[in-house]
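Chemist: Here you go, sequence then predicted model.
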Amino acid sequence: MAFLKSLRLFWTFHLLVFIVADGIGGPRAHTLCQHLDDSTHIEVVRPNEADYEALRTENWAQTAWQMPTCIVRPRNTEHLQKVIPKLVASNVSFTVRSGGHCPHAGAGNLNNGILIDMSYFNHFTYDERRAVVEIGTGLRWGEVYAQLDKYQVTVVGGRVADVGVGGLTLGGGLSWLSDLYGLVADNVLNFEVVLANGAVINANLEHHPDLFWALKGGATNFGIVTKIRLKTFPIHQVWGGFRFHPISDLPLLMDAMFEYQSRSINDPYANMMIMASPTNDTVGVIVTLIYLQPKIQPDVFEPFYRVNSILDTTQLQTLTEFIISNPLPNSTTRFDWASTTLKPNKLLYQDLANISVRSTSIEQIHSVTAGTLLFGFQPICSSAVRAGHARGGNALGLESVDQTWVVIDAVWWWSDDDDTVHSAVQSVVTEIYDRSTERDLSLPFLFMNDANWDQDVIASYGRSSVEKLRSVQKIYDPSQIFQRLKSGYFKLP
């Protein structure tokens, strides 16, 4: 109660002096950068300094590159406790970057404001007796897996090694282990959070359980998460890899995925994904298969074995080796993505196969320089949702049914084509949503980690979840600093 009373007093004072934010940076941002540089021991990188260019373009996709007024690089929680209240007092726009994997402009970077770079938050401590690891949110998942390999254990973490710990976790986070243990956020035991008033709190099932729940899918609307504690699991050797197919095989592969999802006995050690690219003239479909035990060609994937592949890289390997084999596009390219969710259905899957090769949006994207369109189909078993409920629940409002999370990716070269490509991505997502709605198979949920900047993600969680998130915000960020001063997307509606 003493904590909440002091928090109310702090915000009562700041609400009295609150003024309009400093536009997109303006002179107050320059003044604050200078002040932080002169009066603290915190690293501040400004545009005239050698490291600035490399740091401002650290984000994975070129579409996210921006021109911050300065880049602040705190080394510990105490540094953040100094920086955040100064941002609030100066009313300066800011953002926070963990791995910088989200490709949208203003996500993990910004123009004319302060970028807080979390890369020094690389804390790693493994408690082998308790099978618990504590990691800094500036780490990337590949670094986490490599450290845990020494103990032949892993965590429910990102599927791509380069993705940052912080952003993925706060968006929910999809893992190859999710059918077994739920989403990444569901497996967090504790969040260390710095609030807008500089207070540091630990949110878990016993302390601040309301904030603990909200951070599992509620993004950066409440504070800056500096560390997370996760349970580890004894999974090390797996079987998996990629099977490559021509685009003409897509209808057969969609049938195989429906058969895989319709099996009478769920095997949570199995996971897979189909990625189709109608704009690729050589390999049009990549099927990712993984089995979380060292079992060669498990029977659960038999529907896919019946479709002959051009190339098959499946083999016994460590989970880390499997994850780092997932390639990323060159970071000099521009990137856009969006998501939608639907229930598995054989006829609908054939509709999706048809849309994937015949949508008018394909030619729209193919017409721009290096324009590439990809359709990702990600089966989510109801066991993943139930595992989340068993671990204290999350903010996502997921229905406990088998479902498929669809992601549409687009890649291109030039900024002049941004609007053309974005319009095409919107169109194809709408086309898929309309078809699934016609068949009464659409689900409202939007997966934040795959969502577009103009999709109303948190509203898709449902009214009760949104109301609960707002009530948590009123307690921990009543002046809505992270809603208003922090740039980026996926705010509370």
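Modeler: Structure's in. What do you need?
Chemist: so where's this structure uncertain?
Modeler: Filtered on pLDDT under 70, the chain yields the residue ranges 1-25, 281, 328-332.
Chemist: longest helix of it?
Modeler: helix 418-438 (DSSP state H).
Chemist: helices or strands next to that one in the packing?
Modeler: strand 334-342, helix 346-358, helix 360-366, strand 403-412 (3 or more Cβ pairs under 8 Å, 6 or more residues apart in numbering; DSSP states H and E). Every C-beta, even on glycine, is put in place using the N, C-alpha and C of the backbone.
Chemist: looking at those, which is closest to Arg463?
Modeler: In terms of Cβ to Cβ, the element of those nearest to Arg463 is strand 334-342, at 17.4 Å.
Chemist: mind listing what Cys33 touches?
Modeler: Going by Cβ atoms under 8 Å, 6 or more residues apart in numbering, Cys33 touches 44, 46, 69-70, 72, 114.
Chemist: Going through these, which ones are buried?
Modeler: The neighbour count (16 or more other Cβ atoms under 10 Å) marks 44, 69-70, 72, 114 as buried among the contacts of Cys33.
Chemist: Using a markdown table, lay out these together with secondary structure and distance to Asp37.
Modeler: Shown next, in a markdown table, are these (DSSP: H, G, I helix; E, B strand; the rest coil; distance: Cβ to Cβ, whole Å):
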| residue | secondary structure | distance to Asp37 |
| --- | --- | --- |
| Val44 | strand | 4 |
| Thr69 | coil | 12 |
| Cys70 | strand | 8 |
| Val72 | strand | 9 |
| Ile114 | strand | 12 |
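Chemist: In TSV, list those along with distance to Asn326.
Modeler: Formatted as TSV, these follow (distance: Cβ to Cβ, whole Å):
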residue	distance to Asn326
Val44	35
Thr69	35
Cys70	34
Val72	31
Ile114	33
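Chemist: thinking again about what came up before, what residues sit buried inside the longest helix of the chain?
Modeler: 420-422, 424-429, 431-432, 435-436.
Chemist: Which of the helices and strands packed on helix 418-438 sits closest to Leu492?
Modeler: Closest of these to Leu492 is strand 334-342, at 18.8 Å (criterion: Cβ to Cβ).
Chemist: what's stretch 174-183 in contact with?
Modeler: Identification of contacts with stretch 174-183 by Cβ under 8 Å, 6+ apart yields 154, 156-159, 172-173, 184, 187, 216, 231, 233, 235, 266, 268-271, 290, 292, 319, 322-323, 378, 380-381, 383-385, 387-388, 390-391, 394, 396, 405, 447, 449.
Chemist: And that stretch, end to end?
Modeler: Its first and final residues considered, stretch 174-183 spans 5 Å by Cα to Cα, to the nearest Å.
Chemist: Check stretch 98-114 too.
Modeler: 14 Å.
Chemist: Likewise for stretch 449-467?
Modeler: 22 Å.
Chemist: likewise stretch 450-468?
Modeler: 23 Å.
Chemist: Over to stretch 66-80?
Modeler: In stretch 66-80, first residue to last residue: 22 Å (Cα to Cα).
Chemist: how about the strands in the stretch 101-250 of the chain?
Modeler: 114-117, 124-127, 132-136, 188-194, 200-203, 224-231, 237-245 (DSSP state E, counting those that start in this stretch).
Chemist: so who does the closest residue to Tyr461 other than its chain neighbours touch?
Modeler: Leaving out its chain neighbours, the residue that sits closest to Tyr461 by Cβ to Cβ, 6 or more residues apart in numbering is Gly397, at 3.8 Å. Residues counted as contacts of Gly397 (Cβ under 8 Å, 6+ apart) are 444-445, 460-462, 464-465.
Chemist: Repeat the analysis, applying 10 Å as the threshold.
Modeler: Contacts for Gly397 were tallied using Cβ atoms under 10 Å, 6 or more residues apart in numbering; they are 217, 444-445, 458, 460-466, 468.
Chemist: for His422, same thing?
Modeler: His422 neighbours (Cβ under 10 Å, 6+ apart): 63, 104, 336, 338, 410, 452-454.
Chemist: want to throw the strands of the stretch 101-250 of the chain into TSV with distance to Leu87?
Modeler: TSV is the format used below for these (distance: least, Cβ to Cβ, whole Å):
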stretch	distance to Leu87
strand 114-117	7
strand 124-127	28
strand 132-136	21
strand 188-194	11
strand 200-203	16
strand 224-231	11
strand 237-245	43
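Chemist: from the ones you listed, which stretch is densest packed?
Modeler: strand 114-117 (a mean of 25; mean count of other Cβ atoms under 10 Å).
Chemist: Name the strands paired with that one and say parallel or antiparallel.
Modeler: With DSSP bridges as the test, strand 114-117 is paired with strand 70-73 (parallel), strand 94-97 (parallel).
Chemist: Tell me which of those strands lies nearest to Asn122.
Modeler: So among the strands paired with strand 114-117, strand 70-73 is nearest, using Cβ to Cβ, at 11.9 Å.
Chemist: Buried ones in the next helix or strand after the closest one, by neighbour count?
Modeler: For strand 70-73, the succeeding helix or strand toward the C-terminus, using DSSP states H and E, is helix 77-90. Within helix 77-90, the residues that count as buried by 16+ other Cβ under 10 Å are 77, 79-81, 83-88, 90.
Chemist: before we move on, the earlier item: include distance to Thr31 when you put the strands paired with strand 114-117 into JSON lines, please.
Modeler: Output for the strands paired with strand 114-117, formatted as JSON lines (distance: least, Cβ to Cβ, whole Å):
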{"stretch": "strand 70-73", "distance to Thr31": "11"}
{"stretch": "strand 94-97", "distance to Thr31": "14"}
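Chemist: Please name whichever of the ones you listed is nearest to Asn109.
Modeler: In terms of Cβ to Cβ, the element of these nearest to Asn109 is strand 94-97, at 6.4 Å.
Chemist: where's that closest one relative to the chain centroid, distance-wise?
Modeler: 15 Å (Cα atoms, centre = their mean, to the nearest Å).
Chemist: show me the contacts for Gln34.
Modeler: 44, 46, 70.
Chemist: Val83 is in contact with the last one, correct?
Modeler: No. With contacts defined as Cβ atoms under 10 Å, Cys70 does not count as touching Val83, sitting 11.3 Å away.
Chemist: Distance of the residue nearest to Leu170 when sequence neighbours are not counted relative to Gly166?
Modeler: Take Leu170 and drop its neighbours on the chain: the residue closest to it by Cβ to Cβ, 6+ apart is Ala219, 5.0 Å away. Distance from Ala219 to Gly166, counting by Cβ to Cβ, to the nearest Å: 10 Å.
Chemist: Compare those two (neighbour count), which wins?
Modeler: A side-by-side neighbour count of Ala219 and Gly166, using other Cβ atoms under 10 Å, places Gly166 first with 27 against 23.
Chemist: A strand includes Phe322, no?
Modeler: No. Phe322 is assigned helix when assessed by DSSP: H, G, I helix; E, B strand; the rest coil, not a strand.
Chemist: and the residue nearest to Tyr461, what helix or strand is that in?
Modeler: Applying DSSP H and E, one finds Gly397 in no helix or strand.
Chemist: Please report how far Val457 lies from Gly488.
Modeler: 12 Å.
Chemist: Thr137 against Arg229, yeah?
Modeler: No. Using Cβ under 10 Å, Thr137 makes no contact with Arg229, being 11.7 Å away.
Chemist: between those two, what contacts are shared?
Modeler: Common neighbours of Thr137 and Arg229 (Cβ under 10 Å, 6+ apart) are 191-192.
Chemist: Got the domain ranges for this structure?
Modeler: Following automatic domain parsing, one gets these domains for the chain: 2-120, 124-234+462-470, 238-461.
Chemist: With distance to Gln483 as new columns, can these be given to me in a markdown table?
Modeler: Formatted as a markdown table, the domains of the chain follow (distance: least, Cβ to Cβ, whole Å):
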| stretch | distance to Gln483 |
| --- | --- |
| domain 2-120 | 11 |
| domain 124-234+462-470 | 6 |
| domain 238-461 | 11 |
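Chemist: All set, thanks.
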